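Trainee: have a look; sequence and predicted model below, questions after that.
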Protein chains: 2
Amino acid sequence: MIEEVLHYAHVNKDKFIEDLRDFIRIKSISTDPHHIPDMEKAAHWLAETLKKSGCQNSRVYKTSGHPIVFGNFHSGQPHARTVLIYGHYDVQPVDPLNLWNSDPFEPIIINDQLFARGASDMKGQVIASIKAVEAVLSQKEEIPLNIKFIIEGEEEVGSPSLPEFLKSHRELLQCDIVLNLDAGMLSVSTPAITYGLRGLAYFELRITGPKQDLHSGQYGGIIHNPAQALCEVIAKMHDDQGKVTLPGFYENVRSASPEERERLAALKQEDAIFIQQTGVKKLWGEKGYSAIERITLRPSLEINGVNSGFSGSGAKTVIPSSATAKISMRLVPDQDPAEVRDQMEDFLKENMPDTVQWELLELAGGPASLTDPNRQEVQAMVDALAKVWGQKPIFQRSGGSIPVVAQMQTYLGVDSILTGFGLPDDNIHAPNEKLHLPTWSDGIDAIIHFLYNLVKLYAV
Amino acid sequence: MIEEVLHYAHVNKDKFIEDLRDFIRIKSISTDPHHIPDMEKAAHWLAETLKKSGCQNSRVYKTSGHPIVFGNFHSGQPHARTVLIYGHYDVQPVDPLNLWNSDPFEPIIINDQLFARGASDMKGQVIASIKAVEAVLSQKEEIPLNIKFIIEGEEEVGSPSLPEFLKSHRELLQCDIVLNLDAGMLSVSTPAITYGLRGLAYFELRITGPKQDLHSGQYGGIIHNPAQALCEVIAKMHDDQGKVTLPGFYENVRSASPEERERLAALKQEDAIFIQQTGVKKLWGEKGYSAIERITLRPSLEINGVNSGFSGSGAKTVIPSSATAKISMRLVPDQDPAEVRDQMEDFLKENMPDTVQWELLELAGGPASLTDPNRQEVQAMVDALAKVWGQKPIFQRSGGSIPVVAQMQTYLGVDSILTGFGLPDDNIHAPNEKLHLPTWSDGIDAIIHFLYNLVKLYAV
């Protein structure tokens, strides 16, 4: 039976590509208000395509931002379990346009690579999942699995409408596992599953001293310069071991298991690789952990920006009246962003000199997420990827944050399997974004295998 | 004889004011290229006025910037000594124009106050000195004193052409003492002589880390963030006693004499005054010195600006590739700006982590200056001011830098007497600049007394 499904996918490959091209031609740039009609068009195109693929109940939901598309194949089989496939139909802007070798919204294929904005991130992934489902549903024998889709239009602008939608549509979205194809492969031959993401706590610290900028000659030596006070307090946020000094910061950090550390070591991400990628003289960070451990299973604190006083060309002899910094922390399980905010407040109360005034604003925050690699549904994906690529996927933790994964855990109580068929050289968010079509076709096969593996798993 | 001179000044007061108004009407804003013709006009107006006042040799010198006006009354008396009167004819810009109550270049008089740009800083002072000399030279009996004028047009833009002019016109400018009226009174009843100015050493520190901005999720924890490195190194520039930690920074700092400290204490500039002026919660600075000592006879180090990464609204998760700071030091006798630059280099070599790269640019520099309050010419001014105001002038050291005073010492080897007849509420550099005409007239008298006191002094 799966053979017929795979056959359907293979013989219809060119039609799938044509649908992908149609989807790509819709200029769904979420950040640009000029493209609001395109966002609407993309959402309705998707709902229609989901219906054609066999999802009986597909519709477009309005939000306070761009619409969310919901699709649902409801199996007639009683007690069927449910997979929810997440995606986003919005794309990044295309500027600088002059660096593109072709029209970003007129996909062309050169040597098996399809060039266009959104080809890899993630219209290609969305169409792969819909077409895999279409192939599965093309069969006469109904699959004993409910398949739902949620495809948002605001991922590239921080998913502002998603949490509210998840909260208010729990029943609609009820499921056993989420499939999120918004991560990629390690290389063209090595699939990957991203099972851990760091969380985020992002603050703005504002320090004020004198009521206005002062002449540094007239007052230099008697005023605690706010820029200096800011530097002094920031300098105290790490100790000489590279550890963050906020009180209690590491208290809830989950220790890495030996198995986990081995898994990371197996990735062979040596320091030299990061030095080459970033161009720094040498790496830095918390003593006692390898670089790959420091950016995945350890939390970190970064100064994202500092600004105070004069920064034009030449000399201006001013004592600035204020100084601000953007400071963010990447969090790991089981750190709580609200607790981290308290820790930052406590740190500042303890370390800020009484010569200045300060306030702390919280700009963004979300917990880390972790999906147990030993979960049965994850193993269903491992087997699917291994079947297609002839090798098991690499398990990786990412240092970044994909808030929707934590949001699915928070609001729906459900884990995500984060994988995908994009490649490291796909130029996502950059000019000449592309999709490797043979990998994409293999990805459709892998999703089909995954769905049938789920059926087997849930039948037990 | 001096009575006749004073009489001349008093009966011609209205004519003097008319000349001042004419001078003010020339829009000599040095920073604005649109006003280059006005700068020329002002310079030639001055040369003409100097000639009319009795300075036989008066001319306009071209520079690579705005012209410099030179005037010279050469006494027929052999062995006559020479006073050089310094001034500037350029003024600050007038924006924001809407905050002015009257046209900044159409002087009006309300309640003895003359409102206009440059009225106090320092066209009023320049005309006071020229008119005092005119009064002196109006007498039949020739004064046994050479009187020279140098009036530049670039003071408000940092006097870029002056050092070269001083260097290449030493003979022309040869003199025994400089009179500089670009400082002010303590109050309408209290004249002041500023006998000390701090010097300046101004740097830009640039730190670079990764070759481009990095994603703080992907790399947070393994990169020494340049903004953080900058803060760490700036935080080390002061110790917990508020002392600057550059190696050797205090080595050449001249100790204050007990007499000097007493003189400063007599000013009764309590902390509360500075707190009220600046609006800070409390003062800060080097332990062991009073506030007035810290801003006059002690050096200081200020962060004039810091800039790195993202400072827009909201959150951007970036590790900045670079960070810069403007850092300047106010210097006192006998610190050498070139040595201070070496000290900063040494400090950075010792304290900058090896995870980043850095460079240090020198943006401005000049030594401190100090005129011995016991110098006879200074006493000549003390007596002149006391004669007019009925009380001796306050001796003050200023925390700021007036580079021309140090330049006169460096290039001509001559001290300056820094005083003037502006008042603290004259709104210099601000809208509604004004000049208190009774004080200004008294100032003309004081200059006349000063010149005759010099004659007496030099006759001995």
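Mentor: Yep, that arrived. Residues are numbered from 1 along each chain as shown, chains lettered A, B, ... in the order given.
Trainee: by contact count, what packs against the longest helix seen in chain A?
Mentor: Identified as the longest helix of chain A according to DSSP state H is helix A:437-459. In terms of contacts (3 or more CB pairs under 8 Å, 6 or more residues apart in numbering or on different chains; DSSP states H and E), helix A:437-459 is packed against helix A:2-11, helix A:13-25, strand A:81-88, strand A:113-115, helix A:124-137, strand A:145-152, strand A:177-180, helix A:376-389. Backbone N, C-alpha and C define where each C-beta goes, glycine included.
Trainee: domain map for chain A?
Mentor: As given by automatic domain parsing, the domain ranges for chain A are A:2-197+A:368-459, A:199-253+A:299-366.
Trainee: go through these and name the closest to residue B:293.
Mentor: For the domains of chain A, the distance to residue B:293 is smallest for domain A:199-253+A:299-366, at 8.7 Å, taking CB to CB.
Trainee: so which residues on the stretch 101-250 of chain A come close to chain B?
Mentor: By the rule CB under 8 Å from any CB of the partner chain, the part of the stretch 101-250 of chain A lying against chain B is A:198, A:200, A:202, A:209-212, A:214-225, A:227-228, A:230-232, A:234-238.
Trainee: which among those end up buried?
Mentor: Among these, those scoring as buried are A:198, A:200, A:202, A:209-210, A:214, A:216-225, A:227-228, A:230-232, A:234-238 (criterion: 16 or more other CB atoms under 10 Å in any protein chain shown).
Trainee: could you redo the domains of chain A as a markdown table and give each row distance to residue B:20?
Mentor: Shown next, in a markdown table, are the domains of chain A (distance: least, CB to CB, whole Å):
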| stretch | distance to residue B:20 |
| --- | --- |
| domain A:2-197+A:368-459 | 57 |
| domain A:199-253+A:299-366 | 27 |
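Trainee: so which of the residues of the stretch 101-250 of chain A next to chain B sit within helices?
Mentor: Using DSSP H, the subset of these located in helices is A:216, A:217, A:218, A:219, A:227, A:228, A:230, A:231, A:232, A:234, A:235.
Trainee: name the residues that touch the helix or strand harbouring residue A:195?
Mentor: Assigned by DSSP states H and E, residue A:195 belongs to strand A:192-197. For strand A:192-197, contacts defined as CB atoms under 8 Å, 6 or more residues apart in numbering or on different chains pick out A:183-186, A:296-297, A:332-333, A:368-373, A:378, A:381-382, A:385, A:393-398, A:400-402, A:405-406, A:417-419.
Trainee: now, among the ones in helices among the residues of the stretch 101-250 of chain A next to chain B, which is nearest to chain B?
Mentor: Nearest to chain B out of those is residue A:217 (CB to the nearest CB; 2.8 Å).
Trainee: now the closest residue to the closest one other than its chain neighbours: which helix or strand?
Mentor: Leaving aside its chain neighbours, residue A:217 sits nearest to residue B:400 (2.8 Å; criterion: CB to CB, 6 or more residues apart in numbering or on different chains). Under the criterion DSSP H and E, no helix or strand holds residue B:400.
Trainee: what's near enough to touch residue B:400?
Mentor: Contacts of residue B:400 by CB under 8 Å, 6+ apart are A:215, A:217, A:218, A:317, B:197, B:198, B:330.
Trainee: next one: residue A:91
Mentor: Counting by CB under 8 Å, 6+ apart, residue A:91 makes contact with A:28, A:29, A:30, A:117, A:118, A:121, A:123, A:156.
Trainee: who's in contact with the residue of chain A positioned farthest from its centre?
Mentor: Here chain A reaches farthest from its C-alpha mean at residue A:218, the gap being 50.9 Å by CA atoms, centre = their mean. With contacts defined as CB under 8 Å, 6+ apart, residue A:218 is in contact with B:295, B:398, B:399, B:400.
Trainee: most neighbours out of those, which is it?
Mentor: Counting neighbours by other CB atoms under 10 Å in any protein chain shown, the top entry in the contacts of residue A:218 is residue B:295, with 28 neighbours.
Trainee: straight-line length of stretch A:296-314, end to end?
Mentor: One end of stretch A:296-314 to the other measures 42 Å (CA to CA, to the nearest Å).
Trainee: residues of that stretch that come out buried?
Mentor: Within stretch A:296-314, the residues that count as buried by 16+ other CB under 10 Å are A:296-311.
Trainee: and those residues, which of them are in strands?
Mentor: Those of those mapping onto strands are A:300, A:301, A:302, A:303, A:304, A:305, A:306, A:307, A:308, A:309, per DSSP state E.
Trainee: now render those as a markdown table, adding pLDDT and distance to residue A:127.
Mentor: What follows is those, written out as a markdown table (pLDDT from 0 to 100; distance: CB to CB, whole Å):
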| residue | pLDDT | distance to residue A:127 |
| --- | --- | --- |
| A:300 | 98 | 36 |
| A:301 | 98 | 39 |
| A:302 | 97 | 36 |
| A:303 | 98 | 40 |
| A:304 | 95 | 35 |
| A:305 | 96 | 38 |
| A:306 | 98 | 43 |
| A:307 | 97 | 43 |
| A:308 | 97 | 48 |
| A:309 | 94 | 51 |
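Trainee: let's have those residues in TSV, adding distance to residue B:457.
Mentor: Shown next, in TSV, are those (distance: CB to CB, whole Å):
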residue	distance to residue B:457
A:300	71
A:301	67
A:302	67
A:303	61
A:304	65
A:305	60
A:306	56
A:307	55
A:308	50
A:309	46
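Trainee: out of those, who's near chain B?
Mentor: Among those, chain B is touched by A:300, A:301, A:302, A:303, A:304, A:305, A:306, A:307, A:308, A:309 when using CB under 8 Å from any CB.
Trainee: ok, those residues vs residue A:439, which is closest?
Mentor: Using CB to CB, residue A:300 comes nearest to residue A:439 of those, at 32.0 Å.
Trainee: residues touching the closest one, list them.
Mentor: A:244, A:285, A:286, A:294, A:329, A:330, A:399, B:216, B:220, B:221.
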